[in-house]
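Trainee: Could you work out the structure for the sequence below:
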Amino acid sequence: MSELDSSSQKVNQWIDDHHDEIVGFLQELIRIPSVTPWFQPAAEESREADVQTVIGKRMQALGAEVKRWEPNAQELAEYEGRPGYYADHLFEGRPNQAAVLKGSGEGRSMLLTGHVDVVPAGSGWTVEPFSGDRKDGVIYGRGTVDMKGGIAAMVMAVEAVVKAGYRLKGDVTVGTVVDEEAGGMGTLDFVDKGYRADACILTEPTNMKLAPLCRGILWGKLTIPGRSGHIELPQGDWREGGAVDAVALARVFMDHFDRLNADWRVRKVHPYLPIPCQLYIAQVNAGEYPTAFANKVELVFDAQYLPREKDEMGLGGKVKAEIEEFINQVAMTEPWLREHPPVLEWLIDADCGETPVEHPFVQSVLNDMELSGLPRTIEGACAHTDIGWFETLGIPSVVIGAGNPRLAHQNDEHISEEDLIKLTKLISNVLIHWCEIQ
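Mentor: Reported below is the predicted structural model:
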């Protein structure tokens with residue numbers, strides 16, 4: 001491994017000297033319960049704006065120009081049918097924010113971005129979920145890995161460069177958005193406002209592996225009709241008014257989905273992804289009474305797709321069509337369903353993106369990982385991230401962040417202080433070498 005240059009050494013030393021301050025900044029962010037309103041009662045207030053205030057003040061103190069605004073679905077109506085657009089999403093009190101630190105000129109620009117919304121705490125915690133507890137070198141709380149740890153690292157990396165006495169040549173934008181946990185409309189609005197850069201880093205958790213791609217995600221709800229009837233009595237043929245057990249029909253679909261997944265395990269793979277794309281049932285909603293056959297069953301599922309499968313709108317239309325045809329074929333095997341077809345409703349289509357590993361920016365980040373003492377490990381993000389729009393606009397983009405992504409949305413979500421500091425140092429090194437110092 002090559003040695004760090006003197007500027008990186010000096011910045012890294014500042015980070016080491018301010019370890020507790022970096023941890024404290026993350027704790028401050030965690031203690032603000034910025035739960036996305038789509039997953040909590042309407043009476044509960046989302047505090048995404050309070051998180052933006054804390055970030056904005058810190059960036060303003062470094063000399064950044066900070067702008068905040070609330071997205072507006074009506075103003076984004078031209079994007080209907082494109083990634084991230086949802087006509088019914090509301091943003092009162094939920095601002096996006098861009099903090100731009102101007103460089104001295106003639107340097108490449110950088111966008112550091114992430115989302116400030118988190119999912120609800122849920123149950124089963126052994127610590128208070130919004131306390132930011134610090135125990136034995138570990139910080140606990142909702143959003144530590146997804147993704148306030150990444151936001152804290154990006155902000156403190158910029159601060160480390162400035163406080164160590166350096167000015168970058170290229171501009172750095174810290175873009176923090178809302179609504180990622182509900183489909184990504186915050187990022188759509190952010191790019192609509194014209195924010196661009198020569199490269200982008202999104203600090204979602206990756207266990208410090210470099211992800212130059214993420215998968216697209218489809219949520220669907222398949223409603224399978226039946227006909228209720230007394231479960232304890234003989235029913236006879238459905239053509240003569242007998243009951244039809246929707247649960248039994250749901251089992252038929254689930255068995256066929258297993259067959260679909262076996263095919264996808266061969267076809268829908270990527271050299272930088274550890275698992276293939278699959279269609280998984282996440283929710284089964286059925287039945288009205290213990291004494292009646294189910295009148296219908298709802299199967300809510302999650303299916304993934306690869307960047308190479310995107311349609312002309314940048315979404316998963318091709319994979320949707322594939323799933324729809326498969327469901328129609330299964331329905332044709334059942335006489336009842338031929339006359340009473342199931343109904344498929346698409347709930348979410350979250351886009352994806354990929355930057356080639358050979359791209360100079362990806363190689364630059366890999367070099368900085370090596371300089372920072374990290375292995376040059378490439379592994380794509382299996383879940384959705386917000387890099388799709390940036391990649392679509394021609395901005396080379398990668399995802400890299402501290403913490404185990406499997407801890408996202410779990411109780412006792414946590415991140416180690418060691419990983420937080422490693423990420424802060426890595427981002428500062430990328431800024432020094434990509435944007436260059438004056």
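Trainee: use CA for all of it now, contacts and neighbours both
Mentor: Will do.
Trainee: hey, where'd the helices end up in this protein?
Mentor: For the chain, the helices defined by DSSP state H cover 6-17, 19-30, 48-61, 149-163, 185-192, 246-267, 317-331, 335-339, 360-371, 387-392, 417-430.
Trainee: Same list (these) but as TSV, adding distance to Lys135, mean neighbour count and mean pLDDT.
Mentor: Below are these laid out as TSV (distance: least, C-alpha to C-alpha, whole Å; neighbours: other C-alpha atoms under 10 Å; pLDDT from 0 to 100):
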stretch	distance to Lys135	mean neighbour count	mean pLDDT
helix 6-17	19	18	96
helix 19-30	12	20	98
helix 48-61	23	19	98
helix 149-163	16	25	98
helix 185-192	33	22	97
helix 246-267	41	15	98
helix 317-331	45	15	98
helix 335-339	56	14	97
helix 360-371	28	19	97
helix 387-392	33	23	94
helix 417-430	10	24	98
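Trainee: Out of these, the one nearest Met110 is which?
Mentor: Evaluated over the helices of the chain, closeness to Met110 peaks at helix 417-430, with 9.3 Å, by C-alpha to C-alpha.
Trainee: would you put the C-alpha positions of the closest one in CSV?
Mentor: Presented in CSV, the C-alpha positions along helix 417-430 are these (Å, rounded to 0.1, in the frame of the first residue of the first chain):
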residue,chain,number,x,y,z
GLU,A,417,-17.2,4.3,16.2
GLU,A,418,-14.2,2.7,14.4
ASP,A,419,-16.2,2.3,11.2
LEU,A,420,-17.6,5.8,11.5
ILE,A,421,-14.1,7.2,11.7
LYS,A,422,-12.8,5.0,8.8
LEU,A,423,-15.6,6.3,6.6
THR,A,424,-14.9,9.9,7.5
LYS,A,425,-11.2,9.5,6.7
LEU,A,426,-12.0,7.8,3.4
ILE,A,427,-14.3,10.5,2.2
SER,A,428,-11.8,13.2,3.2
ASN,A,429,-9.1,11.4,1.1
VAL,A,430,-11.5,11.2,-1.8
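Trainee: and the angle for it with helix 360-371?
Mentor: 130 degrees (axes from the mean of the first three to the mean of the last three C-alpha atoms, to 10 degrees).
Trainee: Please tell me how far helix 417-430 is from the chain's geometric centre.
Mentor: 20 Å (C-alpha atoms, centre = their mean, to the nearest Å).
Trainee: likewise stretch 57-68?
Mentor: 25 Å.
Trainee: Just send the helices of the chain back as a markdown table, with distance to Tyr79 too.
Mentor: What follows is the helices of the chain, written out as a markdown table (distance: least, C-alpha to C-alpha, whole Å):
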| stretch | distance to Tyr79 |
| --- | --- |
| helix 6-17 | 41 |
| helix 19-30 | 32 |
| helix 48-61 | 24 |
| helix 149-163 | 27 |
| helix 185-192 | 9 |
| helix 246-267 | 30 |
| helix 317-331 | 15 |
| helix 335-339 | 36 |
| helix 360-371 | 29 |
| helix 387-392 | 12 |
| helix 417-430 | 32 |
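Trainee: Verify the stated contact: Asp50 with Ile32.
Mentor: Yes. Using C-alpha atoms under 8 Å, Asp50 makes contact with Ile32 at a distance of 7.1 Å.
Trainee: Let me see the contact set for the residue nearest to the spatial centre of the chain.
Mentor: The structure's the chain has its C-alpha centroid closest to Thr385; by C-alpha atoms, centre = their mean the separation is 3.5 Å. Thr385 makes contact with Glu204, Cys214, Arg215, Cys352, according to C-alpha atoms under 8 Å, 6 or more residues apart in numbering.
Trainee: how about a markdown table for the residues you listed, with distance to Ile15 and pLDDT added?
Mentor: Formatted as a markdown table, those follow (distance: C-alpha to C-alpha, whole Å; pLDDT from 0 to 100):
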| residue | distance to Ile15 | pLDDT |
| --- | --- | --- |
| Glu204 | 21 | 97 |
| Cys214 | 30 | 96 |
| Arg215 | 33 | 97 |
| Cys352 | 33 | 95 |
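Trainee: and which of these is nearest to Gly107?
Mentor: For these, the residue nearest Gly107 by C-alpha to C-alpha is Glu204; the value is 25.7 Å.
Trainee: The closest one against Val145, yeah?
Mentor: Yes. Judged on C-alpha under 8 Å, Glu204 makes contact with Val145 at a distance of 7.3 Å.
Trainee: coming back round to it: of the contacts of Thr385, closest to Gln13?
Mentor: Glu204 (24.8 Å).
Trainee: The residue nearest to the closest one when sequence neighbours are not counted and Leu210, how far apart?
Mentor: Leaving aside its sequence neighbours, Glu204 sits nearest to Gly401 (C-alpha to C-alpha, 6 or more residues apart in numbering; 5.1 Å). Here Gly401 is placed at a distance of 8 Å from Leu210 (C-alpha to C-alpha, to the nearest Å).
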